[in-house]
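Peer 1: Please find the sequence and the predicted model below.
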Amino acid sequence: MKLKDFDFATVYAMQKLQTELLPQLHYHCIEHTRDEVVVWTGRLADLEAVEGNERLILITAAYFHDIGWTQIRGVSDLEYAKRLEHEFIGSQLAREILPQIGFSRSETEAVCELILVTRLAEIPVTLSEKIIRDADLSSIGQGVDQFWKRGNDLRAEMNEFGISIDDNSWNLIELDLLESMTYFTRSARYLFDDKKQAALESVRALLGYK
C-alpha cells in the first residue's frame, strides 16, 4: 500500500463522518472514531509491535469501523435498529471506495474483516483483530467518570431515536457488559483492566450489590 493511498482513505473517512453523521449520534460520533478508536488503535499497535502494511490496514479499519452509521438517515427507532447492520454496511462502503483509492483486493478485504470483528458477538483471533476490538471499547478502561460519560452518551443517543431505558434497566445492561467483556491484548489488559474493574464496582454499588 502506498502511504498516499492510506492518507487519502483516512481523509475520506473523516470527511464522510464529519458531514454525514446525524447530530443525534452522541456516542457513535466523529469523536468516537477520531479520538478514541483511531488513537487507541495506534497506541496498541505500537505497544504490540504491529508495523508496516499491517499497521496501515489496521489504522484504516479504525477510521472506517463506524462509517456505516452515515447511512442512517432518519430519527426513529426503526432507523436506529439498522445499527445492528452498521458493520456490514461499513464493510460494503469500504469495499466500494478503497479499491478506487489504490488498495489491493487483499488489503481491502483485510480492512473489511477488521470492521466486521468490531461486532461484540465476534471473537477476535488475529492480533490486529484484538487491537481494534480493544480500541473500540477503550472508553470503558479510561476511568469511572469516562465510563459513565460515554454510557450516558449512548443512552442519550438511544433516547433521541425513541428508545427510552429507565435507570435500573440501564445499570443492569452496563453490569452485563462489564461482566461479559474482556480486553484481548496484553497491552490493553495492562492499561485498562483496573479501571474497568472500578467501573464494574461503581455499577454494582448503584444496584445495591455487594
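Peer 2: Received, thanks. Everything numeric here is computed off the predicted structure, so don't read it as measured data. Numbers count the residues shown, from 1 in each chain.

Peer 1: switch to C-alpha atoms for all contacts and neighbour counts from now on
Peer 2: Fine.

Peer 1: Count the residues that sit near the nearest residue to residue 159 once chain neighbours are set aside.
Peer 2: With Cα to Cα, 6 or more residues apart in numbering as the criterion, residue 159 has its nearest non-adjacent residue at 7.8 Å, and that residue is residue 165. When neighbours are counted by other Cα atoms under 10 Å, residue 165 registers 14.

Peer 1: do residue 3 as well
Peer 2: Close neighbours of residue 3, defined as other Cα under 10 Å, add up to 10.

Peer 1: Tell me which residues of the helix or strand of the chain with the lowest mean pLDDT come out buried.
Peer 2: Across the helices and strands of the chain, the lowest-confidence element by mean pLDDT, DSSP states H and E is helix 77-81, at a mean of 86. By 16 or more other Cα atoms under 10 Å, the buried positions in helix 77-81 come out as residue 80.

Peer 1: chain center to the next helix or strand after it, what's the gap?
Peer 2: Note on helix 77-81: by DSSP states H and E, the next helix or strand toward the C-terminus is helix 86-101. Centroid separation for helix 86-101 versus its chain: 16 Å, with Cα atoms, centre = their mean, to the nearest Å.

Peer 1: helices or strands next to helix 86-101 in the packing?
Peer 2: Under the contact definition 3 or more Cα pairs under 8 Å, 6 or more residues apart in numbering; DSSP states H and E, helix 86-101 sits against helix 3-20, helix 105-116.

Peer 1: Redo the ones you listed as a markdown table? Include distance to residue 194 and mean pLDDT.
Peer 2: As requested, the helices and strands packed on helix 86-101 are arranged in a markdown table below (distance: least, Cα to Cα, whole Å; pLDDT from 0 to 100):
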| stretch | distance to residue 194 | mean pLDDT |
| --- | --- | --- |
| helix 3-20 | 32 | 94 |
| helix 105-116 | 26 | 97 |
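
Peer 1: Would you tell me which of those helices gets closest to residue 152?
Peer 2: With Cα to Cα as the measure, helix 3-20 is the member of the helices and strands packed on helix 86-101 nearest residue 152 (21.2 Å).

Peer 1: Check which helices and strands that closest one sits against.
Peer 2: Against helix 3-20 (3+ Cα pairs under 8 Å, 6+ apart) you get helix 30-31, helix 52-64, helix 86-101.

Peer 1: which of the ones you listed is buried the deepest?
Peer 2: When you average the neighbours per residue for each of the helices and strands packed on helix 3-20 (mean count of other Cα atoms under 10 Å), helix 52-64 leads with a mean of 23.

Peer 1: got the contact list for that one?
Peer 2: For helix 52-64, contacts defined as Cα atoms under 8 Å, 6 or more residues apart in numbering pick out 1, 6, 9-10, 13-14, 33-34, 37-38, 41-42, 45, 90, 94, 107, 110-112, 114-115, 128, 132.

Peer 1: what's the answer for stretch 108-121, then?
Peer 2: Contacts of stretch 108-121 (Cα under 8 Å, 6+ apart): 57-58, 60-62, 64-66, 87-88, 90-92, 94-95, 98-99, 123-124, 128-129, 132-133, 136.

Peer 1: follow-up on the earlier one: can you tell me which of the helices and strands packed on helix 86-101 is most buried?
Peer 2: Most buried among the helices and strands packed on helix 86-101, given mean count of other Cα under 10 Å as the contact rule, is helix 105-116, at a mean of 20.
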